[in-house]
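In: Got a predicted structure here, sequence first:
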Amino acid sequence: MSVTDNSWIATTLASARPQAMGALLRYFRDLDTAEEAFQEASLRALKNWSTNGPPRDPAAWLILVGRNSALDEARRKSRQQPFPDEDAVANIEDPEPDLADRLDDSHYRDDVLRLMFICCHPELPATQQIALALRMVSGLTVKEIARAFLVGESAMEQRITRAKRRVTAANVPFETPGAVERAERLAAVAAMIYLLFNEGYSASGGDVHVRAPLCEEAIRLARLLLRLFQGEPEIMGLLALLLLQHARTRARLDADGNIVLLEDQDRSLWDRDLIAEGLVLVDKALRHRRPGPYQLQAAIAAVHAHAARAEDTDWAEINALYKILEQLQPSPVVTLNRAVAVSKVEGPAAALELIEPLADKLSSYFHFYGVKGAFLLQLGRDADAKEAFDRAISLANTAAEAAHIRMHLDRLMAQKKLATSR
Amino acid sequence: MQYAILCYDSEAVVGGWSKEKDEAVMAKSLAVKTELAARGKMGPTLRLMPTTAATTVRAGAQPVVIDGPFAETKEQLLGFYVVDCEDLNEAIEVAKQFLHGSGALEIRPIKALWQHPMGQSQKS
């Protein structure tokens, strides 16, 4: 057989990682020790599993082996003893038989949640939160994370080290959290996962506009979170939102890498499997009648997914959903998004009126000027539209964003030339 | 004898497969199904969405609706095949062909199988 036969070990290690790291973190109360223990357990798994096959409970195996090896390491250091011989270590190589009895896994939900929560501590800036989560929870290498963020490896190494230091100083409690604290942790982790997705969906810099691996990792983490907290409608909403948005990835850029707006997208390129799962989750979440921002955004994405053609979109429904979202989570960006729905239902003049008061708050927001320019264009105010589009280009984060607005401008200029040459 | 072959695996592991790996497993499964179908031995098959999409309705004085799968297990029911085999030995050989390197397949002889057309209302 081929060498790839052992690829299952890597997949198994990756899927067991959050639970194992979460438990090791609870034992050792230190990210570095937990990480070293997990690394050591993974090395032993590579050796042991390839000959003995997969253990019945890989996460439990890794937790026990990791814990024992870290304890041995600590004892060795404290007693200044020489390295123990192989025989002494060998008895922990196969902890399988009495594992299930000895391991208390009733904590594993809160273990994984704590591990994720530590990564998104409010003292960490967003980029550090994401980087730390990718390293600690997902187990991506520093090199992989650096590539995803388009920065050098040593810069990323520093960023993660700094993040770890701040998290250690922050002293997150290790006791099982109460209901309120658990809800707060869930909300913080959900926000971090959403940030991670957005980092992939609308890259905050550089030439690449979509970085699918970051989106896929965010979806994986959202799934993990929902598997642990099956009855949380907002986590259903989060996963649904990510699935429904990710479903459009293939249609979002054309062959030249230019942005294709939702209404111009080739909907046959949308991923029907992801949409189907997203719609199921929206359905499940709304049954709880506890609306929240992720559920509402997912519901809005669902309205788009239901429309076979752009012109079939139920904009009145989208407007209504945005209105509820505005009440739950007032934000100029939400109002800006609602304005697009208003322009479809009531026309560009009403939409423009709605966004005029946002100008101060959104003065450095690329989308504000893009949307404003489009409304002005529809109203035939070409000169004002050009001014808005120029402003948008100067604020664009990626080449694709700038190119998209430039396309609008070119069209505008071409129309003008046509008009003057007549 | 008709058998259901129930597929169990860790959905966290299966969900972690690359697109290529997932497509390779599905292609292999399709090849086995096509061969069995050509011999008239293949019945309905299905692949389930993850357990996060599941809802459980449990009987009681008032039926209780719970989010998530009926049982929390290390490995989850991911789908099934229905096959027509001479005997258990043949069913085991068929199951071996459907294996993909991890997880387990449970062979359950079918007591009764009903098939109704879906997606259309029946006129009487």
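Out: Perfect, I can see it now. Predicted model, so just to flag it, every value in this text is computed and none were measured.

In: OK, contacts around the residue of chain A at minimum distance from chain B?
Out: Closest to chain B within chain A is residue A:230: 3.4 Å, counting by CB to the nearest CB. Where C-beta positions appear, they are placed from N, C-alpha and C, glycine not excepted. Residues counted as contacts of residue A:230 (CB atoms under 8 Å, 6 or more residues apart in numbering or on different chains) are B:52, B:66-68.

In: Also residue B:66?
Out: Counted by CB under 8 Å, 6+ apart, residue B:66 has contacts A:230-231, B:55-58.

In: so which of those residues comes closest to residue A:277?
Out: Lowest distance from residue A:277 to these (CB to CB) belongs to residue B:55, with 13.4 Å.

In: Can you name the residues bridging to that closest one?
Out: For residue B:55, the beta-bridge partners are residue B:67 (DSSP bridges).

In: circling back to that earlier point, buried members of the contacts of residue B:66 into ChimeraX, please.
Out: In ChimeraX, this line selects whichever of the contacts of residue B:66 come out buried by 16 or more other CB atoms under 10 Å in any protein chain shown:
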select /A:230
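
In: one step back: just the buried subset of the contacts of residue A:230, please.
Out: Members of the contacts of residue A:230 classed as buried by 16+ other CB under 10 Å are B:52, B:67-68.

In: Closest one of those to residue A:6?
Out: residue B:52 (28.8 Å).

In: Now that the closest one has come up, it's in contact with residue A:281, right?
Out: Yes - Residue B:52 lies in contact with residue A:281 (CB atoms under 8 Å); the separation is 7.4 Å.

In: Spell out which residues are contacts of both of those two.
Out: Both residue B:52 and residue A:281 are in contact with A:236, A:239, where contact means CB under 8 Å, 6+ apart.

In: Can you get me a residue count around residue 77?
Out: I went with chain A, as the question did not name one. Counted with other CB atoms under 10 Å in any protein chain shown, the neighbours of residue A:77 add up to 9.

In: not what I meant, chain B
Out: Count around residue B:77 with other CB under 10 Å applied: 18.

In: Okay, now the unreliable bits of chain B?
Out: Along chain B, the parts satisfying pLDDT under 70 run over B:122-124.

In: Identify the residue of it closest to chain A, quick one.
Out: At 3.4 Å from chain A, residue B:68 is the closest residue in chain B, using CB to the nearest CB.

In: how about that residue, phi and psi?
Out: Dihedral pair for residue B:68: phi 100, psi 180, per degrees, to the nearest 10.

In: quick one, what contacts it?
Out: A:230-231, B:51-52, B:54-56.

In: tell me which parts of chain A are close to chain B?
Out: Within chain A, the positions lying close to chain B (CB under 8 Å from any CB of the partner chain) are A:5, A:7-8, A:11-12, A:14-16, A:54, A:56-57, A:220, A:223-224, A:226-227, A:230-231, A:236, A:239, A:276-277, A:280-281, A:284, A:287.

In: From residue B:51, how far out is the residue of chain B closest to chain A?
Out: 6 Å (CB to CB, to the nearest Å).

In: What of residue A:129?
Out: When distance is defined by CB to CB, residue A:129 is 28 Å away from residue B:51.

In: now swap in residue B:103 and tell me
Out: Relative to residue B:51, and taking CB to CB, residue B:103 is found at 14 Å.

In: Would you state the strands of chain A in chain order?
Out: For chain A, applying DSSP state E gives no strands.

In: quick one, domains of it?
Out: Chain A is divided into the following domains under automatic domain parsing: A:7-102, A:109-170+A:179-223.

In: Residue B:39: which of those domains is closest?
Out: Short answer: domain A:7-102, nearest of the domains of chain A by CB to CB, at 31.0 Å.

In: Give me the distance from the closest one to the chain's centre.
Out: Offset of domain A:7-102 from its chain centre (CA atoms, centre = their mean, to the nearest Å): 29 Å.

In: What's the mean pLDDT across it?
Out: Mean pLDDT, computed over domain A:7-102, is 80.

In: Show me which residues of chain B sit near chain A.
Out: Residues of chain B lying near chain A (CB under 8 Å from any CB): B:10, B:12-13, B:15-17, B:21, B:49-53, B:55, B:65-68, B:74, B:101-102.

In: No further queries at this time; thank you.
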